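**Student:** here is my input; please provide its structure:
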Amino acid sequence: MRRAATALLLILMATTAAFGASARWNCLGFDHRFMMDTSNYGIYPADMFVFSDALWLIPSIPAGANVPDNMMGGLLVAQGQQAWAVHYNLPGTIGFGALRTGLAGAGATLAGLANNLRPIPDVFYARKMGDMTVAGRFVLGMASSEPVADKSASALSLDLAGGLIRPMGPGNLDVGLRIASASFKDDAANIESTGGLSLAMDARMLIKGSNGVTLIPLAGLRYGTDPTVDGAAEVSRMGLDVGLGWNRTDASKNMLVYGVTLAYDAVTTSPPAGSDVSINTLQLAYLTGYEKPLNKWLIGRGGARGTITNVSGDNPAANGTRAGFDYNFGIRTVYQRVLLDFQLDKALLHRGPYVLTGSGANWSGNVCLTYLLEPAQ
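**Tutor:** Residues are numbered from 1 along each chain as shown. Got it, this is the predicted structure:
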């Protein structure tokens, strides 16, 4: 019975699974955890099996994304009960990101290493085991230089992740665990980092109801310390978030998603002398999005997210309560096995498309190209 339930879930996930990454879920409320999308397996590694037999590429990262070479990509291949994948710049690496941040504040020589640091290799392996799907991820980031003869500077990060999907009680549990370390040193300057350990755990339950509705409660926990120069201020980060969402997909593949999340983040800076400085952030977010096939080759989508954020702590200038609101809309075009997802520029609503206005401004700032190695189900 449990095997049948797992098989049913995987069929459901495969038939409703939608590639597109941030070009898609940014247009559906800004949170991929309340839907099936390629971004899922950055924090829920076992979901990688669902998206196998595909090649995807995001050739230009939206402003604000701190990744090398301004692009992301992945190749996923399945064979029977197993799947493999190799990626570049896939989100979810807590050690690699912490190392780039630490290097930026560690001095000229070490700061230069951040420009040479790359997440290579970044590999996944997943396997179906009875009524479960299990997966693991290995990411190594490293760079080095020799600023002075026989004196090296180096940086290293290691990210390990594991995940599983398993039937439990009312639904199917989707869990991911990530552990990471990050360090650097400069022999010429007699610098060696301290800290740099991180841990994160994410879980959600997919509870299938009637009329195509899936209830999705979720929770996440993370803790880590930035790699810092020995003797400098130490920085630690802790976060906790919970959420509840609904995803309704009908027979025509129209999808409505809505949900609410509550997140708490604390950043503590501990200088060598003096008192700690803490900044605490509590944010309530509510979101919704809708996706609709318009014909055989075109899908339209749009969504919005509102937030209420309270900041408190030892920085009076940052303290206070603020409200925010944002929205996005986009499309997907389909040609045989090629999927193109576009997050459209909101300014289109004001200036109109080029064919009408002659405006040369961008009409899309986030594009994801997916090629399916096997025909879509």
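
**Student:** quick one: secondary structure of the most centrally placed residue in the chain?
**Tutor:** Centroid check for the chain by CA atoms, centre = their mean gives Pro91 as the closest residue, at 4.4 Å. At Pro91 the chain is in coil, as set by DSSP: H, G, I helix; E, B strand; the rest coil.

**Student:** list the contacts for the nearest residue to it once chain neighbours are set aside?
**Tutor:** Once flanking residues are discounted, Pro91 sits nearest to Gly42: 4.5 Å by CB to CB, 6 or more residues apart in numbering. The C-beta positions use only the backbone N, C-alpha and C, and glycine is treated the same way. Shown in contact with Gly42 (CB atoms under 8 Å, 6 or more residues apart in numbering): 90-92.

**Student:** do Gly163 as well
**Tutor:** By CB under 8 Å, 6+ apart, the contact list for Gly163 reads 41, 44-47, 134-136, 174-177.

**Student:** any idea which element it lies in?
**Tutor:** Per DSSP states H and E, Gly163 falls inside strand 151-168.

**Student:** next SSE downstream of that strand?
**Tutor:** Later in the chain than strand 151-168, the nearest helix or strand by DSSP H and E is strand 171-186.

**Student:** contacts for the next helix or strand along the chain from that next one?
**Tutor:** Sequence-wise, the next helix or strand downstream of strand 171-186 (DSSP H and E) is strand 191-194. With contact meaning CB under 8 Å, 6+ apart, strand 191-194 is reached by 102, 106-107, 110, 182-186, 227-230, 234.

**Student:** and if we set it to 7 Å?
**Tutor:** 102, 106-107, 183-185, 227-230 (CB atoms under 7 Å, 6 or more residues apart in numbering).

**Student:** same question, stretch 264-282
**Tutor:** The contact list for stretch 264-282 (CB under 7 Å, 6+ apart) reads 231, 233-240, 309-315, 318.

**Student:** filter the residues you listed down to just the ones in strands.
**Tutor:** 234-240, 309-313 (DSSP state E).

**Student:** please identify which of those residues is nearest to Tyr290.
**Tutor:** For the ones in strands among the contacts of stretch 264-282, the minimum distance to Tyr290 (CB to CB) is 25.2 Å, reached by Thr309.

**Student:** ok, for that closest one, nearest residue in space, not its chain neighbours?
**Tutor:** Gln283 (4.5 Å).
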